[in-house]
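Visitor: 3D model of this:
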Amino acid sequence: MLLCLRNLNEKPTIILSSLNIPKINKNNLLDKMKYFKFVEDLEILYNLCDYSTHIYIFSEIVDLSRNIQEMENAGFILRNVLSYKVDWKYSKEEKLYFNNLSYVLFFTIDNIKVKDRKLNLRRQTNLLSDKIIKTNNKDYPKEIIDKLINNSLMKSLDENIIVDLNSTTGNVAEYCLKNNLKCYSFGKDNIIHLRLSKLLNQLDNYKNKEETINTDEKQLMKEEISKLFKK
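Guide: I've put the predicted structure just below:
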């Protein structure tokens, strides 16, 4: 997908992903090759980005340090560590409840000024939502997708290109379809294709229904106008 974007000369404005860093066994040549491919992909991703690109990497606390290290090694600049509440956990040892957090690492490839885009809004707090976000651990939560994309949109919708590099159920692509945003989504599961096809059919049916209603309204207006002239 990255090579496809490069060949199309597309410059993403928003990138959402998670990093599946390959585990390396020093004595396993295949593991080393997978890791080198991962590093190469990060370098390609870096070269696809420009000054206006916002990169969001979804992460769990155990992966934060490694994810930051790999991204910075590729040249990305860490701008913020964002978080959101996902559920409550109970500690028998401490006998109290505490919030379990998931994280989103925000990167750019350049030092964006505070006034650029909506970066100033993002700096006000590291917590993306005060509410507990329901998640099935399969895809990025819809509420968080909405928050991140809305805070990073360019002024003109035509300028926005959203890229989802690690989709599992198609939440990002669904959001983009509903909001008329250009999107490239990469996923291995066929469920994404089925889900988006169903959504496209629903949108087409809604459009056709709306056009029918508009036609009926126009006809009704013509009849009313005709009645007035007859009087």
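Visitor: Now the terminal residues of stretch 157-168, how far apart.
Guide: From the first residue to the last, stretch 157-168 extends over 25 Å; the measure is CA to CA, to the nearest Å.
Visitor: Now do it: everything it contacts.
Guide: Contacts with stretch 157-168, where a contact means CB atoms under 8 Å, 6 or more residues apart in numbering, come from 1-2, 5, 10-18, 20, 45, 138-139, 149, 153-154, 172-173, 176, 180-187, 189, 192. The C-beta positions use only the backbone N, C-alpha and C, and glycine is treated the same way.
Visitor: all helices for this structure, in order.
Guide: In the chain, the helices defined using DSSP state H lie at 2-7, 29-48, 64-73, 119-123, 142-152, 171-178, 190-230.
Visitor: any idea of the angle the second one forms with helix 64-73?
Guide: Same thing as helix 29-48. 60 degrees (axes from the mean of the first three to the mean of the last three CA atoms, to 10 degrees).
Visitor: and helix 29-48, average pLDDT?
Guide: For helix 29-48, mean pLDDT is 91.
Visitor: by contact count, what packs against that helix?
Guide: helix 2-7, helix 64-73 (3 or more CB pairs under 8 Å, 6 or more residues apart in numbering; DSSP states H and E).
Visitor: ok, now with 6 Å
Guide: The elements that helix 29-48 packs onto, with contact taken as 3 or more CB pairs under 6 Å, 6 or more residues apart in numbering; DSSP states H and E, are helix 2-7.
Visitor: What count of nearby residues applies to Lys85?
Guide: When neighbours are defined as other CB atoms under 10 Å, Lys85 has 16 of them.
Visitor: Please verify my assumption that it contacts Asp130.
Guide: No: between Lys85 and Asp130 there is no contact under CB atoms under 6 Å: 8.0 Å.
Visitor: low-confidence ranges in the protein?
Guide: For the chain, applying pLDDT under 70 flags the ranges 88-99, 111-125, 136-137, 188-193, 195, 199, 202-231.
Visitor: Check which residues of the longest strand seen in it are buried.
Guide: The strand that spans the most residues within the chain, counting by DSSP state E, is strand 77-91. If you call a residue buried by 16 or more other CB atoms under 10 Å, then strand 77-91 has these buried ones: 79, 82-86.
Visitor: do the same with stretch 54-65
Guide: Residues of stretch 54-65 classed as buried by neighbour count (16+ other CB under 10 Å): 54-59, 63.
Visitor: repeat for stretch 5-18
Guide: So, applying 16+ other CB under 10 Å, buried residues of stretch 5-18: 5, 12-18.
Visitor: For those residues, work out which two are farthest apart.
Guide: Thr13 and Ser18 (19.2 Å; CB to CB).
Visitor: on that earlier part again, now the buried residues of stretch 54-65 in a markdown table, with distance to Leu196?
Guide: Output for these, formatted as a markdown table (distance: CB to CB, whole Å):
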| residue | distance to Leu196 |
| --- | --- |
| His54 | 23 |
| Ile55 | 23 |
| Tyr56 | 21 |
| Ile57 | 23 |
| Phe58 | 20 |
| Ser59 | 26 |
| Asp63 | 28 |
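Visitor: And these, which is closest to Ser197?
Guide: Phe58 (25.4 Å).
Visitor: center of this protein, which residue is that?
Guide: For the chain, the residue nearest the mean C-alpha position is Leu16 (4.2 Å; CA atoms, centre = their mean).
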